[in-house]
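Colleague: Requesting a structural model of the entry that follows:
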Amino acid sequence: MTYPPNGSAAPPAQAAPTMPAVPPQTGGAQAQVPPQPAPPRRPAWVEGRDRLRAAATTEPGKLRIIGAVLALLVVAFGAVTTWQMTDRSDAANSVLNRSQPLSADAAAIYRSLADANTAASSGFLAGGQEPADVRDRYKRDIKTASEKLANAASNAGAGSSAATSVSELNKLLPEYTGLIERARANNRQGLPLGGAYLRYANDKMQKQMLPAAEKLYTAENQRLGADYDDAKPYPWFAIALGVLALAALGWAQRRNYRRTNRVFNHGLVAATAASTVVLLWLIAGHTFARAGLSDSYDHGVKSLNVLHDARINSLKARSNENLTLVSRGAETVEVGPADKPEIKDKFDYEYQAQMKRLGSADSGLLGQAVAIADDAAGKNPVKDAAKNVSVWKDRHKTARDSDDAGDYKGALAKVVGDKSDEPTGECFDNVDKALEQALAHEQGEFKQAASDGKGAMAGLPVGAAVLAVLAAAGAVLGIGRRLSEYR
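Modeller: Below is the predicted model of the structure:
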């Protein structure tokens, strides 16, 4: 390469090559730089939470949360409605088809036992040749009591007071019938021992069997009351959830309107309509059901209880009236002040007490039955019974006057004689028939009202579940429609 002569430009200088920096050496070996550790990775749930939190700040994220909450509220409303109304419907069904019939059976057991005792004493007074109709009545009562006890045993819970009463009655019933047969056998032979057996059987009935039957009746009535308590309360939890769900749906639609200026979102409107139907159905259905059940109790169960008590008191009075003639003053009681007690026939004294409790159309059990009955068909039979009770008292007084005067046969004719003798037995039969008619009417009233109450809840549990699912689907679809606008 030739260069220009002196004075010409010098050739360009070349840069010296750069050498890599040599790190200081220590002990003759090259030092290594330690690698920096990677930052620890956060747990997956923390990252997921942060992503959700970030997504929630966007409009699509907010819409997804709103849709989930609406669907959850509506489904919860439907589920709670189904649960609460299923419980109440089951309780109403128990009132109609289980607990009230069992209560009626318990009353029938009591009545059959009391009537059997009355028939036994009436047959005894008739002498050795007991009338066939009286004998048949006694057998029919014992058979009815046995059948009703078997049914009560199958429905009484183990260890319950009802089970204890049923077990006691099953033990006492054959003992009682054995005593009655001994009384009849001795009576046919004209032996006075028959009267002692009959009084012993009556004591067993009055002091052991009827109290056990009353305990059974009380236990079944308590079960009936518990079923009413389960069926009648308003489903406040379901109603509150329904109001909350509708409020949330209304808020979501208002929010949607303010952001889009669209008046209606078809999915949310459908969800609101379905939820409104469920809520109104729930309130109206249970209100009508409650009214029907309350009516069945006030004008059915209450009347039945009073009429059962009245009929049983008339049976007891009749039995004691008969035993007054059987005992002939063998058993007495002291009444009045302790310093000047008055001696009275035990059975006649109890007869007077039971007739006083039976009362008239304006007082006592019969007066209560007239007051509770809500129509003429319920009142008139009780009024007829009250009229016959009044006649019964007059005839009984005549019979007692004859017996006190020493005319036992005349007194006997006034109690168990033919129709021409105008016996008290005719009045008793009329009272019993009238009360039976009133009981049949009130039983029908109960069934009608309880059926109406139960029917008002029919279909509500299933309907609420179906409509809730549809409402939830509508809410999800409505929110989904808004989300599609962001894609």
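Colleague: how close does residue 483 sit to residue 267?
Modeller: Distance of residue 483 to residue 267, given as CB to CB, to the nearest Å: 11 Å. Yep, even glycine has a C-beta here, placed from its N, CA and C like the rest.
Colleague: Which one of these two is surrounded by more residues?
Modeller: Counted by other CB atoms under 10 Å, residue 483 and residue 267 do not tie: residue 267 has more neighbours, with 21 against 14.
Colleague: State the mean pLDDT of the helix or strand hosting the more buried one.
Modeller: Assignment of secondary structure by DSSP states H and E places residue 267 within helix 266-296. Averaged over helix 266-296, pLDDT sits at 92.
Colleague: Which strands or helices does that helix pack on?
Modeller: helix 59-94, helix 210-231, helix 236-260, helix 424-456, helix 460-483 (3 or more CB pairs under 8 Å, 6 or more residues apart in numbering; DSSP states H and E).
Colleague: which residues does residue 407 contact?
Modeller: By CB atoms under 8 Å, 6 or more residues apart in numbering, the contact set of residue 407 is empty.
Colleague: follow-up on the earlier one: kindly calculate the angle that whichever helix or strand comes after the helix holding residue 267 makes with helix 424-456.
Modeller: Next helix or strand after helix 266-296 toward the C-terminus (DSSP H and E): helix 302-327. Orientation check (axes from the mean of the first three to the mean of the last three CA atoms, to 10 degrees): helix 302-327 against helix 424-456 gives 160 degrees.
Colleague: and helix 302-327, how far from the chain's centre?
Modeller: Centroid separation for helix 302-327 versus its chain: 30 Å, with CA atoms, centre = their mean, to the nearest Å.
Colleague: list the helices and strands it packs on?
Modeller: Where contact means 3+ CB pairs under 8 Å, 6+ apart, helix 302-327 is packed against helix 100-125, helix 193-204, helix 346-358, helix 364-372, helix 376-404, helix 408-416, helix 424-456.
Colleague: looking at those, which is buried most?
Modeller: Neighbour counts averaged per stretch over those are highest for helix 100-125, at a mean of 25; criterion: mean count of other CB atoms under 10 Å.
Colleague: any idea which helix or strand comes after that one?
Modeller: Counting by DSSP H and E, what follows helix 100-125 is helix 132-155.
Colleague: Which residues in that following helix does the neighbour count mark as buried?
Modeller: Neighbour counts over helix 132-155 (16 or more other CB atoms under 10 Å) mark 134, 137-138, 141-142, 144-146, 148-149, 151-152, 155 as buried.
Colleague: Spatially, which pair of these is furthest apart? Let me know, please.
Modeller: Longest distance between any two of those is 32.2 Å, between 134 and 155; criterion CB to CB.
Colleague: any idea how far residue 381 is from the residue most central in space within the chain?
Modeller: When the chain is reduced to its mean C-alpha position, the closest residue under CA atoms, centre = their mean turns out to be residue 227, at 0.9 Å. According to CB to CB, residue 227 stands 28 Å off from residue 381.
Colleague: Was I right to think residue 245 contacts residue 75?
Modeller: No: using CB atoms under 8 Å, residue 245 is not in contact with residue 75, being 9.2 Å away.
Colleague: neighbour count winner among those two?
Modeller: In this view residue 245 and residue 75 are compared by other CB under 10 Å, and residue 245 has more residues nearby, 29 against 17.
Colleague: give me every residue that touches that one.
Modeller: Residue 245 touches 70, 73-74, 76-77, 275, 471, counting by CB under 8 Å, 6+ apart.
Colleague: Now do the buried residues in stretch 208-228.
Modeller: Within stretch 208-228, the residues that count as buried by 16+ other CB under 10 Å are 208-210, 212-217, 219-221, 223-224, 227-228.
Colleague: Pull that stretch out as PDB, backbone CA atoms only.
Modeller: Extracted C-alpha coordinates of stretch 208-228, given in PDB (Å, rounded to 0.1, in the frame of the first residue of the first chain):
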ATOM      1  CA  GLN A 208    -108.200 -49.600  86.400                       C
ATOM      2  CA  MET A 209    -109.500 -50.100  82.900                       C
ATOM      3  CA  LEU A 210    -111.300 -46.800  82.200                       C
ATOM      4  CA  PRO A 211    -108.400 -44.800  83.700                       C
ATOM      5  CA  ALA A 212    -106.000 -46.700  81.400                       C
ATOM      6  CA  ALA A 213    -108.300 -46.100  78.500                       C
ATOM      7  CA  GLU A 214    -108.400 -42.400  79.400                       C
ATOM      8  CA  LYS A 215    -104.600 -42.300  79.400                       C
ATOM      9  CA  LEU A 216    -104.500 -43.800  76.000                       C
ATOM     10  CA  TYR A 217    -107.100 -41.300  74.800                       C
ATOM     11  CA  THR A 218    -105.000 -38.400  76.300                       C
ATOM     12  CA  ALA A 219    -101.800 -39.700  74.600                       C
ATOM     13  CA  GLU A 220    -103.500 -39.900  71.200                       C
ATOM     14  CA  ASN A 221    -104.900 -36.500  71.600                       C
ATOM     15  CA  GLN A 222    -101.500 -35.100  72.400                       C
ATOM     16  CA  ARG A 223    -100.100 -36.800  69.300                       C
ATOM     17  CA  LEU A 224    -103.000 -35.100  67.300                       C
ATOM     18  CA  GLY A 225    -102.100 -31.800  68.900                       C
ATOM     19  CA  ALA A 226     -98.400 -32.200  68.000                       C
ATOM     20  CA  ASP A 227     -99.400 -32.900  64.300                       C
ATOM     21  CA  TYR A 228    -101.500 -29.700  64.300                       C
END
